[in-house]
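Novice: let's see this in three dimensions:
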Amino acid sequence: MDNDSIQIRRIFDLALENGKAYENLRSLCKNVGHRISGSKAADSAVNWGYNLLSSMGVDSVYKLPIMVPQWVRGTPAKAYILNDKKKLNITALGGSIGTNGELKAKLVVANGIEDLERLGKEAIKGKIVLFNKPFDP
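Specialist: Presented below is the predicted three-dimensional model:
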């Protein structure tokens, strides 16, 4: 078992020291660019990967047809949070549901689901809940 761990570590170290993974990632990100779902660039990325693997002499490289919805950016909207005369610009991800106008309510901060449950329904009813949880990159 220890020999397996040592061998796996050697392969891992060799890949980090002499591999091309980072260069391939750089090429995909810089040469192919943004790959929004259903876009021509997404199709280019598939072809990029296919050609790269084929050039490596991999024994089986093929593309499978799949249905992918095409993401289309909607009309940009401006939004902000006004608190103590400070304006904080905000944005939402594609597919977010609009409010059809101005939305005013008190803000309740929760650090997670457990915190939200601790606050209880009456403390959050009719308010905007901000989940103050760090993003794990």
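
Novice: now Asn24, nearest residue through space, not along the chain?
Specialist: Of all residues not flanking Asn24 in the chain, Leu52 sits nearest, at 6.6 Å (C-beta to C-beta, 6 or more residues apart in numbering). C-beta coordinates here come from the backbone N, C-alpha and C atoms, glycine included.

Novice: chain center to the strand or helix carrying Asp115, what's the gap?
Specialist: Here Asp115 sits within helix 113-119, counting by DSSP states H and E. Here the centre of helix 113-119 is set off from its chain's centre by 26 Å, with C-alpha atoms, centre = their mean, to the nearest Å.

Novice: other SSEs contacting it?
Specialist: For helix 113-119, the packing partners by 3 or more C-beta pairs under 8 Å, 6 or more residues apart in numbering; DSSP states H and E come out as strand 107-110.

Novice: the strand it packs on pairs with which strands, and in what direction?
Specialist: Its sheet considered, strand 107-110 pairs with strand 128-131 (parallel) by DSSP bridges.

Novice: just to revisit the earlier point, ok, the residue nearest to Asn24 touching Ala21?
Specialist: No. Here Leu52 does not reach Ala21: they are 11.2 Å apart, not a contact under C-beta atoms under 8 Å.

Novice: which one's more surrounded, the two?
Specialist: Leu52 (15 against 9; other C-beta atoms under 10 Å).

Novice: ok, Leu119 - how many residues close by?
Specialist: Other residues lying near Leu119 total 15 when counted by other C-beta under 10 Å.

Novice: now it: how far from Gly126?
Specialist: Look at Leu119 and Gly126: by C-beta to C-beta, to the nearest Å, they are 13 Å apart.
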